[in-house]
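A.B. asks: Fold the following and give me the result.
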Amino acid sequence: MASSPSARRRQRSTRLVAAVALLLVAAGSVTGAIMSGSPVLISIAAIAAVVLGVIATRVTHSELMLSRREGYGGLARQAQAYAALTEARSEENSRFVASLRERIELGAVALEQIEEALCAAQRRAAEAARVIRSEGARADRAEAEGQAFARRLEEAEELAAEAVVRVAELEQERDLLRAELDAWQSAPAFRKHA
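C.D. replies: Numbering: from 1, shown residues only. Just a heads-up that it's a prediction; the model follows:
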């Protein structure tokens, strides 16, 4: 649709040209009758001028009604075009809203899955930390027990060394005592008492 004034301007119709021509004829006949000075001609010219004026008015009125109908038809077509455009935009907006809702729902599902995965990872991390603390405590206990065992081993080795020395001393004493006992038993005085 062009919006310039010359494009919106209607071309003069032949009806309007005919109406103007009728008015000019009426004006010319009245002028001619007045110049003639005849009252009959003036009366006939006046009646003809009124009849031609009515005809010109009727032609102009019908032309005005026709242009109004055409204008209203154009407005109706324009309103229909706007209604179709509005409907198309409304459908496009509905599709866009549906698309956004779908994306939001997908995002919510993805967010829920991420939150579940995060909770599971946090539980695994907490369990791993608990196991690490437990194993660390166990390792500390094992190290402490190892150190205690090492101290006890050293003490046991010292005791064993002392026991070996004591056993050796006792074996020497035994050997001495056995030798003495053998010497006494082989002595003649022991035999007499026996």
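A.B. asks: And the helices in the chain, which stretches?
C.D. replies: Using DSSP state H, the helices of the chain run over 5-8, 14-36, 39-186, 188-193.
A.B. asks: measure Leu16 to Tyr72 for me?
C.D. replies: For Leu16, the distance to Tyr72 equals 19 Å [Cβ to Cβ, to the nearest Å]. To be clear about C-beta, it is placed using only N, CA and C from the backbone, and glycine gets the same treatment.
A.B. asks: give me phi/psi at Ala187?
C.D. replies: Dihedral angles of Ala187 (phi, psi; degrees, to the nearest 10) stand at phi -70, psi 140.
A.B. asks: Could you check how far it is from Arg178?
C.D. replies: Distance from Ala187 to Arg178, counting by Cβ to Cβ: 14 Å.
A.B. asks: what number of residues lie near Ala56?
C.D. replies: Per other Cβ atoms under 10 Å, the neighbour tally for Ala56 reads 21.
A.B. asks: ok, the closest residue to it other than its chain neighbours - contacts?
C.D. replies: Excluding its sequence neighbours, the residue lying closest to Ala56 (Cβ to Cβ, 6 or more residues apart in numbering) is Ala19, at 3.9 Å. By Cβ atoms under 8 Å, 6 or more residues apart in numbering, the residues touching Ala19 are 55-57, 59-60, 63.
A.B. asks: I'd like these laid out as JSON lines, including pLDDT and distance to Glu91.
C.D. replies: Formatted as JSON lines, the contacts of Ala19 follow (pLDDT from 0 to 100; distance: Cβ to Cβ, whole Å):
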{"residue": "Ile55", "pLDDT": "90", "distance to Glu91": "54"}
{"residue": "Ala56", "pLDDT": "89", "distance to Glu91": "52"}
{"residue": "Thr57", "pLDDT": "90", "distance to Glu91": "50"}
{"residue": "Val59", "pLDDT": "89", "distance to Glu91": "48"}
{"residue": "Thr60", "pLDDT": "89", "distance to Glu91": "46"}
{"residue": "Glu63", "pLDDT": "86", "distance to Glu91": "42"}
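A.B. asks: and which of those is nearest to Ile44?
C.D. replies: Ile55 (16.0 Å; Cβ to Cβ).
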